[in-house]
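Chemist: Give the three-dimensional model of this entry:
(one chain, ligands or ions: 1)
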Amino acid sequence: MKKKLLSLALAAMMTLSLAACGGGATSTPAASSTPAASSGAAAATGVKVGVSMPTQSLQRWNQDGSNMEAELKAAGYEVDLQYAGDNDIPTQVNQLENMITGGCKVLVVAAIDGGSLTEVLKTAKDANIPVISYDRLIMNSDAVSYYATFDNYKVGQFQGNYIKDALDLDNQAGPFNIELVTGAPDDNNVNFFFGGAMDVLQPYIDSGKLVVPSGQTSKAQCATPNWSTEESQKRMENLITSNGYGPSATKLDAVLCSNDSTANGVTNALLGAGYTADNMPIVTGQDCDKPSVKNMLAGTQSMSIFKDTRTLASQVVEMVDCILQGKEVPVNDTKTYDNGTGVIPSFLCDPVICTQDNYKELLIDSGYYAEADLA
Ligand code: BGC
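Modeler: Got it, this is the predicted structure:
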């Protein structure tokens, strides 16, 4: 009887937020995703959610972490938010272990290395704790119930198309010189960013209209460990030296950079080689981190991709709600993201191209940044 009353009370508490779940594109929750609901402990109030972020050294993850914390708290959850030092894998594993033993009912995880969490997440699965993969897909773990991210392939396509349009590759004779810089090879997103961009650029490389003078075109050759600005700067400095690039030396028309932290390193190296806003090669980016937006405004980075981390946080909180209520979880992609144990039902948010022309509307008018942040 007592149990029945408790479930009635919980059902009443849940009704308030039911509207968000089960509408639109949905998927049947993965087998491992409904334990809390079936055990009847699904109300938000007092339920602890673990949020594991990879690093505090990049602006975007600080923003992701604080957005997630604020949204979860506003929905009534307790939050255990942890940053794994500066991309330290053992720290992330430790923090996840503590979240599991500390009573978290759902884990939201942005992995440093998509392949290194198999063991710890096995413990989560054994404890019936559903896992949402946040932004980056966790590989080789059947403990992952859902994935929420931005459309990573589209990000790469936007970057490739930006270069194609800026150089007017379909109409100009060329050839144009380009170098390629992508991110951490253990981040599954890189396959989509780099793959999406190369699907646009490769035909022009094949036809000889685009030339990669270094010859470095594979993902491994273009990778940047930990997405580090210092590493991408070092690699660009080496490329400048070995290929003789410079404003009045060998022409460099574009550098594909998969994100802003790598773009910043590349821009530093190009400025160091004497380039200025007037003769800067095209440099792409992603995230609209403040230093990159400032560079865009100064003319030393051409574009970035705006991924509104507020949207992603809301989407993930909705996922958490639906999982805990045993409701269908909204997803809009059930084909693309196979983590080695099967396709993970995913929700892909929309990325948007940001340039000098629309940054005000995207970043300032939307309240993402204050004008003063970019001064
Ligand atoms: C994210 C990017 C970010 C990069 C480096 C990727 O997984 O999707 O937005 O720039 O990691 O932190």
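
Chemist: use CA for all of it now, contacts and neighbours both
Modeler: Noted.

Chemist: residues contacting residue 261?
Modeler: Contacts here follow C-alpha atoms under 8 Å, 6 or more residues apart in numbering; on that basis residue 261 touches 58, 227-229, 285.

Chemist: what does residue 64 give?
Modeler: When contacts are counted by C-alpha under 8 Å, 6+ apart, residue 64 touches 309-310, 313.

Chemist: Name the nearest of those relative to the ligand.
Modeler: residue 309 (9.4 Å; C-alpha to the nearest ligand atom).

Chemist: same for the ligand: which of the contacts of residue 64 are within range?
Modeler: With the criterion set as C-alpha under 6 Å from any ligand atom, no member of the contacts of residue 64 is near the ligand.

Chemist: before we move on, back to that, of the contacts of residue 261, closest to the ligand?
Modeler: The ligand has its nearest neighbour among those in residue 227, at 5.4 Å by C-alpha to the nearest ligand atom.

Chemist: For the strand or helix carrying residue 162, which outside residues touch it?
Modeler: Element membership of residue 162 [criterion: DSSP states H and E] is helix 152-166. Residues outside helix 152-166 that contact it (C-alpha under 8 Å, 6+ apart): 170, 189, 192-201, 254, 256, 258, 282, 284-286, 305, 351, 353.

Chemist: remind me which residues of the chain are low pLDDT?
Modeler: Counting by pLDDT under 70, the chain contains low-confidence residues at 1-43.

Chemist: Can you pull the residues of it lying near the ligand?
Modeler: Counting by C-alpha under 6 Å from any ligand atom, the chain sits next to the ligand at 135-136, 187, 189, 227, 259, 287.

Chemist: out of those, which is most surrounded?
Modeler: The most neighbours of any of the residues of the chain next to the ligand, using other C-alpha atoms under 10 Å, belong to residue 259, which has 27 neighbours.

Chemist: circling back: which other helices and strands contact the helix or strand following the helix holding residue 162?
Modeler: Later in the chain than helix 152-166, the nearest helix or strand by DSSP H and E is strand 176-181. Secondary structure elements in contact with strand 176-181, counted by 3 or more C-alpha pairs under 8 Å, 6 or more residues apart in numbering; DSSP states H and E, are strand 210-211, strand 254-257.

Chemist: So what's the gap between whichever helix or strand comes after strand 176-181 and the chain middle?
Modeler: If you walk from strand 176-181 toward the C-terminus, the next helix or strand you reach (DSSP H and E) is helix 189-207. If you compare the mean C-alpha spot of helix 189-207 with that of the full chain, they lie 18 Å apart, counting by C-alpha atoms, centre = their mean, to the nearest Å.

Chemist: Then stretch 299-317?
Modeler: Relative to the chain's own centre, stretch 299-317 is displaced by 9 Å; criterion: C-alpha atoms, centre = their mean.

Chemist: swap in stretch 267-284?
Modeler: If you compare the mean C-alpha spot of stretch 267-284 with that of the full chain, they lie 26 Å apart, counting by C-alpha atoms, centre = their mean.

Chemist: so what's residue 58 up against?
Modeler: For residue 58, the contact set (C-alpha under 8 Å, 6+ apart) comprises residue 261.
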